[in-house]
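Engineer: One predicted model, sequence on top.
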Amino acid sequence: MSIEEGATVKGEVTGITDFGAFVELPGGETGLVHISEIANSYVKDISNYVKKGEEIKVKVINIDDDGKIGLSIKQLDDPSDRRDHAPKKSFEEKMEEFLQQSSDRQKDIKDRQANSEN
């Protein structure tokens, strides 16, 4: 199967990195969904949106001259195929996450201040 720009295809997530998810497409080719193409909202952790081994729909947004395939989830034509937000979390889970992020930020600020004083 020939992959063309603008096509919507299904593929299997074969790897997740800090910058995106690699997807094996029909025909054995591999493309990358960059972190900025996962969702319309801020994505901190890609694994909140896709899992290794999961079959997902993606849109082919570009194919470079060197054969690299750029993919997108957020640009899918059918809104029901998109994952614009992480799985639903309870209020308690959201509060716990917020408190942890706040604590991490405060620690980072204190560390920076301590380093700048030295």
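Structural biologist: Perfect, thanks for sending it.
Engineer: domain assignment for the protein?
Structural biologist: By the record's domain assignment, the chain is partitioned as 1-85, 88-118 (automatic domain parsing).
Engineer: now, of the ones you listed, which is deepest in the fold?
Structural biologist: Mean neighbour count, computed with mean count of other C-beta atoms under 10 Å, is highest for domain 1-85 among the domains of the chain, reaching a mean of 15. For glycine as for every other residue, the C-beta is placed from the backbone atoms N, C-alpha and C.
Engineer: other SSEs contacting the helix-or-strand element of the chain with minimal mean pLDDT?
Structural biologist: When the helices and strands of the chain are scored by mean pLDDT, DSSP states H and E, helix 91-117 comes last with a mean of 89. Packed against helix 91-117 by the contact rule (3 or more C-beta pairs under 8 Å, 6 or more residues apart in numbering; DSSP states H and E) you find no helix or strand.
Engineer: pLDDT below threshold where in this protein?
Structural biologist: 1, 77-88, 118 (pLDDT under 70).
Engineer: Do you have the strands of this structure handy? List them.
Structural biologist: 8-16, 20-24, 30-34, 55-63, 69-72 (DSSP state E).
Engineer: between these, which gets nearest to Lys94?
Structural biologist: Minimum separation from Lys94 across the strands of the chain (C-beta to C-beta) falls at strand 8-16, 22.8 Å.
Engineer: Show me what the closest one is packed against.
Structural biologist: Using 3+ C-beta pairs under 8 Å, 6+ apart: strand 8-16 touches strand 20-24, strand 55-63.
Engineer: Okay, now the sheet partners of the shortest one, with direction.
Structural biologist: This points to strand 20-24. Strand 20-24 has its sheet partners listed here by DSSP bridges as strand 8-16 (antiparallel), strand 30-34 (antiparallel).
Engineer: quick one on the thing from earlier: export the strands of the chain as JSON lines, with columns for distance to Lys107.
Structural biologist: Shown next, in JSON lines, are these (distance: least, C-beta to C-beta, whole Å):
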{"stretch": "strand 8-16", "distance to Lys107": "26"}
{"stretch": "strand 20-24", "distance to Lys107": "28"}
{"stretch": "strand 30-34", "distance to Lys107": "29"}
{"stretch": "strand 55-63", "distance to Lys107": "35"}
{"stretch": "strand 69-72", "distance to Lys107": "35"}
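Engineer: Alright, calling it a day.
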